[in-house]
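> Predicted structure and sequence below. I'll ask about it afterward.
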2 protein chains.
Amino acid sequence: MAPRKLKTVEPTQTSARRQHKADAKAAAAAPAKPRPLTRIQREKQDIILEAALEVFSAHGFRGSTIDQIAEVAGMSKPNLLYYFPKKEEIHRRLMSELLVTWLAPLEEMRADGDPFVEIRSYIRRKLEMARDFPRQSRLFANEMLRGAPHIIDMIEVDLKALVDEKAQVLLTWMDEGKIARTDPYHLIFSIWATTQHYADFDVQVRAVLGKARGGEGRFEDAARYLEQLFLHGLTPRPRA
Amino acid sequence: MAPRKLKTVEPTQTSARRQHKADAKAAAAAPAKPRPLTRIQREKQDIILEAALEVFSAHGFRGSTIDQIAEVAGMSKPNLLYYFPKKEEIHRRLMSELLVTWLAPLEEMRADGDPFVEIRSYIRRKLEMARDFPRQSRLFANEMLRGAPHIIDMIEVDLKALVDEKAQVLLTWMDEGKIARTDPYHLIFSIWATTQHYADFDVQVRAVLGKARGGEGRFEDAARYLEQLFLHGLTPRPRA
DNA sequence: AAGATTTTTGACCAGTTGGAAAAATGTTAG
DNA sequence: CTAACATTTTTCCAACTGGTCAAAAATCTT
C-alpha cells in the first residue's frame, strides 16, 4: 500500500552546493573537482524532492511556492535554496526521474512472450503504477496538459522510439494472427489513458463510485474490467 | 473545424457591475432590482470568458494572470475587473458552463436505442468534443488533477446521479444479453479516459505518431480504433 | 581543541500580481 | 442639451514570491 520511494536519478551537477563566490572565470577554467555529495546533501535532496513531488503534483509548478515545499520538507526556504538554487531545478530533476519510471513498464513488454499475457501484464503494471504512484502520474499529466514544455524532446525522441519499437512488436503479433488487427499506436494510447485515468481523475472516480464501491477495491474492479475490455470488448461472450 | 462558441450560462448575480458603493446593509435589505445586463455587458463578458478559457486551459488557474486574460481579451486589467470583480469569479463561471457541456453527451444515450449504436454514438460524441473543444477538456482535466475543489459538489451529486442512471441502462442491456456483462461504471470511465486523452495528452499523441500520422487524420484513426476496441477488444476476429 | 568547511538562519529586496480608488470619458433618456 | 448612468483609463498599493546575502551555527578534519 505504501508507495515505495523511487530511486533517485544521478544528480545533475548543476544543482546544490554551488561554488560559493567562485568567480565565473575561475570556475570555467578549472573543472573545479566536483567533490562528491555528502551524506547530508543526498538525504536533504531526497527529502526536498519528495516534498516537491507532493506539492507540485497537487498544485502544479506555478501553483506551488518554494515556501510550501520547504515547509513540507521541514526546512526554511533559504535552506532549501541552498540545495536547489532554482525552483526550476527541482522540477527538472523530478521530471527526468519521472520519465525513466514512466517508460519502464512498456520496456518490459517482451516480443517473445505470449501476446495476451504480455499485454495483460502491461496493463496490470500501469494500473499498479496509477495506484501506487498517483502523484507521479499527476505530475506527468500536468506536464502534458501544459504542452510538455520541459520534456518535449524526450517525448519526441526516447518515448517515440520506444513506442515505435513496441508498435512493431504488436504488428508482428497481428500478422501472426495472435491478436486482432488494429492500430498499435492507438492501442498503446488507450492503455495509457484507461490506466492513468484512475490516478489523474481519482476524485471523479471515487465520487461516482460512491462510498460503497469507491474504496480500495476499485483498482481490482478496474483491473478485471480492463482485462475484459481489451480481450473481448463488448461483444457478448456466450454467443459462439 | 472552428469550435462553435458555447452558450453562456445565466450570469450569477454576484458578478460584474456590482452596486458601486452600495453599503452592505442596504444591499442586503433591498433586493436592489438587478437591472438586466446591457448588450455591451453581455458581449464583454463573453469575450472575457473566451479569453479566460484560452489562458486558464493553457496555464491553469494559478498559472494565469488577470493581465494575460485581459490582453487576450483586448482590454486593460482594471477594465476586465470591472466586469468580473474577482479572478475566481471568471473561473467559477467557466466551470459551471463546462459541467453542463460535459454532461450533455452522456445524457443523450437513450435506453430505448440499440445498445451498440448508442455506445458507438456516445464514443463519437466524446471524441468530437476532444477534437473540437480541447481547451474545455484541459480545463476540466486541470480541475480534476487538483481534486476538483470548485465542482466537487456537482460531481458528487449531478454527475453521480447521471452516471448511476446510465449505468442502470447498461446493466439492463447486459441482462438482455445485448452487450457483454461487465462493469458499467468502469465502462463509462474507460470511454471518458480514452476519448479525453486525445485532447489532454495531445502533445504526446502528436509526438508519438510523428509527422506522418499525427495530423488531422489522427481523430479518424482514433475513432476507428476505439470502435474496434469497445466492440471486439483484441480477440482475433476471423476465428469464428 | 583549533581551524576549515558545510549547513542553517534571519533580514532583506525587487518583480509580479490581484485588486482598490478615483478621475475621465462615453452613452442615453428625458 | 444635460443629468444620470455606464464604461474605461490612470495611478497606486499591499501581499506574495523567487531569490540574495552575510553572519551564525553545526559539522568535519587534523
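That came through, no problem. Numbering: from 1, shown residues only, chains lettered A, B, ... in the order given.
> Could you say which helix or strand holds residue A:171?
helix A:160-175 (DSSP states H and E).
> So for that helix, what gets flagged as buried?
Using 16 or more other C-beta atoms under 10 Å in any protein chain shown as the test for burial, helix A:160-175 gives A:160, A:162, A:163, A:166, A:167, A:169, A:170, A:173, A:174. Using the backbone N, CA and C atoms, a C-beta is placed for each residue, glycine as well.
> hmm, the helix or strand following that helix in reach of chain B?
Downstream of helix A:160-175, the first helix or strand assigned by DSSP H and E is helix A:184-200. Yes. Taking C-beta under 8 Å from any C-beta of the partner chain as the criterion, helix A:184-200 and chain B are in contact, through A:185, A:186, A:187, A:189, A:190, A:192, A:193, A:194, A:196, A:197, A:198, A:200.
> Okay, angle between helix A:184-200 and helix A:160-175 too, please.
In terms of direction (axes from the mean of the first three to the mean of the last three C-alpha atoms, to 10 degrees), helix A:184-200 departs from helix A:160-175 by 120 degrees.
> Flag the shaky bits of chain A, pLDDT-wise.
Along chain A, the model assigns pLDDT under 70 to residues A:1-38, A:235-240.
> Domain map for it?
Domains of chain A are assigned by automatic domain parsing as A:24-85, A:94-232.
> Can you tell me which of these is most buried?
Burial of those is given as mean neighbour count (mean count of other C-beta atoms under 10 Å in any protein chain shown); domain A:94-232 ranks first at a mean of 18.
> quick revisit: can you redo the domains of chain A as TSV with distance to residue B:145?
Formatted as TSV, the domains of chain A follow (distance: least, C-beta to C-beta, whole Å):
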stretch	distance to residue B:145
domain A:24-85	8
domain A:94-232	5
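> do you know which of those lies nearest DNA strand C?
DNA strand C lies closest to domain A:24-85 among those, at 3.1 Å (C-beta to the nearest atom of the strand).
> starting at the chain centroid, how far to that closest one?
When distances are taken as C-alpha atoms, centre = their mean, to the nearest Å, domain A:24-85 is centred 20 Å away from the chain's centroid.
> Quick one: check it for contact with DNA strand D.
Yes. Counting by C-beta under 7 Å from any atom of the strand, DNA strand D is contacted by domain A:24-85 at A:39, A:40, A:64, A:65, A:66, A:67, A:77, A:78, A:81, A:85.
> Just these: which are in strands?
Using DSSP state E, no member of the residues of domain A:24-85 next to DNA strand D falls within strands.
> among these, which are within reach of DNA strand C?
A:40, A:78.
> Can you list the helices and strands that the helix holding residue A:171 packs against?
In terms of contacts (3 or more C-beta pairs under 8 Å, 6 or more residues apart in numbering or on different chains; DSSP states H and E), helix A:160-175 is packed against helix A:87-107, helix A:184-200, helix B:202-213.
> now with 6 Å?
Counting contacts by 3 or more C-beta pairs under 6 Å, 6 or more residues apart in numbering or on different chains; DSSP states H and E, helix A:160-175 packs against helix A:184-200, helix B:202-213.
> Give me the contacts around that helix.
Helix A:160-175 is contacted from outside by A:103, A:106, A:109, A:111, A:115, A:179, A:181, A:184, A:185, A:188, B:207, B:208, using C-beta atoms under 6 Å, 6 or more residues apart in numbering or on different chains.
> Equivalent analysis for stretch A:187-196, please.
A:123, A:126, A:127, A:130, A:137, A:163, A:226, B:190, B:193, B:194, B:197.
> And those residues, which is closest to residue B:146?
Relative to residue B:146, the closest of the contacts of stretch A:187-196 is residue A:137; by C-beta to C-beta it sits at 13.9 Å.
> Now that closest one: closest residue in space that isn't a chain neighbour?
Excluding the flanking residues, the one nearest residue A:137 by C-beta to C-beta, 6 or more residues apart in numbering or on different chains is residue A:199, at 3.6 Å.
> Residue A:60 contacts residue A:142, doesn't it?
Yes. Contact status for residue A:60 versus residue A:142: in contact at 5.3 Å, counting by C-beta atoms under 6 Å.
> can I get the buried residues of helix A:160-175 in TSV with distance to residue B:46?
Formatted as TSV, those follow (distance: C-beta to C-beta, whole Å):
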residue	distance to residue B:46
A:160	40
A:162	44
A:163	41
A:166	46
A:167	44
A:169	50
A:170	46
A:173	51
A:174	49
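> And those, which is closest to residue A:54?
Nearest member of those to residue A:54, counting by C-beta to C-beta, is residue A:162, at 28.3 Å.
> quick one: the closest one from residue A:168, how far?
Distance of residue A:162 to residue A:168, given as C-beta to C-beta, to the nearest Å: 11 Å.
> Now do the contacts for the residue nearest to residue A:141 when sequence neighbours are not counted.
The shortest distance from residue A:141 to any non-neighbouring residue, by C-beta to C-beta, 6+ apart, is to residue A:200 (4.6 Å). Contacts for residue A:200 were tallied using C-beta under 6 Å, 6+ apart; they are A:137, A:138, A:141, B:145.
> Same check on residue A:184?
A:167, A:170, A:171.
> of all those residues, which comes closest to residue B:97?
Of all these, residue B:97 sits closest to residue A:167, with 38.7 Å by C-beta to C-beta.
> Distance check, the closest one against residue A:131.
Look at residue A:167 and residue A:131: by C-beta to C-beta, they are 26 Å apart.
> ok, so what distance separates the nearest residue to residue A:214 once chain neighbours are set aside from residue B:155?
Sequence neighbours aside, residue A:206 is the residue nearest to residue A:214 in space, at 4.1 Å (criterion: C-beta to C-beta, 6+ apart). Distance, residue A:206 to residue B:155, by C-beta to C-beta: 9 Å.
> What strand or helix carries residue A:113?
Under the criterion DSSP H and E, no helix or strand holds residue A:113.
> any idea how far DNA strand D is from it?
Distance of residue A:113 to DNA strand D, computed by C-beta to the nearest atom of the strand, to the nearest Å: 46 Å.
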